[in-house]
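>>> can't give you the sequence, but here's the structure:
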Ligand SMILES: [Zn+2]
Ligand SMILES: [Zn+2]
């Protein structure tokens, strides 16, 4: 039986007329669905009423008032994504799309709104960033363990974090520091933090993510540009691990991923007759042509190394080796005493330490990543001095530095390696203090570009960086596993980087 639409005309205080025709209830929003129009005169209003009644009788379902948040939820539930795509896409929806667009009505989203969002993401992936410098506060409370408290430490930590989440100072979507990072910041054992995180996850307060630090559960609310949470009373930037914000432009390919999620969602909204138009048709996501990133200058690299040395001899040497050898951060963490041959000026890159889902994996790099690298006499001296100091210190407690000890370690006997994430964090701190934009990957980028700029050929540069399997395999057949060109590369990089240090 065809439903008969009901319509009415009302006069507004302004004198004009509003015409509306009721056609049903939106199954999702439970709101009345009306076709609406306005008219200047009563006669026009009657004409509009006739038109709307006809439209309603023809069964045209009007636009829904549903918001983007609702659309994204409904769409994600039915989208045919495989497991890993789903994980990625749901992450984009939660972190970016919902905070930016979730509050808007689906039918009000037009192409230019999307273009604006894409332009902002292209400048910086942080939606609250306006392009001006600011501190990224992390509202992690100061965790104080009360020795007189009868409860175990992990329960005290759990309670403090629960309170921060329930009071809203840690908001949904906020990223917590990783177990190791929080442990280092607050000087509390990793075991205690891990146990507390497990309890919080069991309570559904945080989401632990494979290989990433956990985030506070719940839907992130809208983030406006320039609108950032202020830290609460008693906030301690140092212990919360706050840092100056560094803009991270979202990659064009990532923005295109977001665009394709939106395309799918709007196509669904059209099928469901929530809206007549698909704004993703007119919006233009960025294309993937990327300009090469300029490498950090030798001067700047030297500044960061000097800053790292101030912090600790180990950190200084670590960063020096990153730029002089170009090895991966995990490869350097995996470096053992027996891998360093100071007499022959060689280091052996045999392992890569990676942390996956909180688990340390010592990846045997016996295949393509296993390689020997030349180190110049200055670097040899740096390593020798560093090791002598460790040996002297160990001798005072009657311990010898074992051959399988790690070069970089936070325990006195050097039996366990640095966590690569921790090394990244420490290098980031030193770079920030030196006012230079540089991370470990940037260090490798520096190595590659300086070698290429210095006239070293691509094949040898690639071999030094462990990029090519063929190069390293060939090298094993030489009596001296390192060709002459790698020796020159080592000396060149050391000279270039040290040359700048003496300039300041
Ligand atoms: Zn802070
Ligand atoms: Zn930014």
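Noted; the coordinates are in hand. None of these values were measured; they are calculated from a predicted model. Ligands and ions are numbered 1, 2, ... in the order given.
>>> what comes up buried for stretch 305-317?
Across stretch 305-317, burial judged by 16 or more other C-beta atoms under 10 Å covers 305, 306, 307, 308, 309, 314, 315, 316, 317. In this view, the C-beta of every residue, glycine as well, is placed from N, C-alpha and C.
>>> for the nearest residue to residue 234 once chain neighbours are set aside, what are its contacts?
In space, and not counting its chain neighbours, residue 234 is closest to residue 142: 6.5 Å by C-beta to C-beta, 6 or more residues apart in numbering. Contacts for residue 142 were tallied using C-beta atoms under 8 Å, 6 or more residues apart in numbering; they are 186, 234, 235, 236, 239, 240.
>>> would CSV of those with neighbour count and pLDDT be doable?
Shown next, in CSV, are the contacts of residue 142 (neighbours: other C-beta atoms under 10 Å; pLDDT from 0 to 100):
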residue, neighbour count, pLDDT
186, 23, 91
234, 7, 79
235, 17, 85
236, 14, 86
239, 17, 86
240, 21, 87
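>>> of the buried residues of stretch 305-317, which is the nearest to ligand 1?
Nearest to ligand 1 among the buried residues of stretch 305-317: residue 307, at 21.0 Å, using C-beta to the ion.
>>> surely that closest one is in contact with residue 430?
Yes - using C-beta atoms under 8 Å, residue 307 is in contact with residue 430, at 4.5 Å.
>>> follow-up on the earlier one: using JSON lines, please lay out the contacts of residue 142 together with secondary structure.
Below are the contacts of residue 142 laid out as JSON lines (DSSP: H, G, I helix; E, B strand; the rest coil):
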{"residue": "186", "secondary structure": "helix"}
{"residue": "234", "secondary structure": "coil"}
{"residue": "235", "secondary structure": "coil"}
{"residue": "236", "secondary structure": "coil"}
{"residue": "239", "secondary structure": "helix"}
{"residue": "240", "secondary structure": "helix"}
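>>> tell me the one among those residues nearest to ligand 2.
residue 240 (19.3 Å).
>>> wait, isn't the closest one in contact with residue 181?
No - using C-beta under 8 Å, residue 240 is not in contact with residue 181; the gap is 10.8 Å.
>>> what segments of the stretch 51-200 of the chain are strands?
For the stretch 51-200 of the chain, the strands defined by DSSP state E, counting those that start in this stretch occupy 135-136.
>>> tell me the pLDDT of residue 159.
Residue 159 is assigned 94 on the pLDDT scale.
>>> returning to that earlier point: what is the nearest of the buried residues of stretch 305-317 to ligand 2?
residue 307 (22.8 Å).
>>> leaving out sequence neighbours, find the closest residue to that closest one.
Closest to residue 307 by C-beta to C-beta, 6+ apart is residue 434, at 4.1 Å.
>>> that neighbour contacts residue 299, correct?
No - with contact defined as C-beta under 8 Å, residue 434 and residue 299 do not form a contacting pair (10.7 Å).
>>> of those two, which one has the most company?
Counted by other C-beta atoms under 10 Å, residue 434 and residue 299 do not tie: residue 434 has more neighbours, with 19 against 14.
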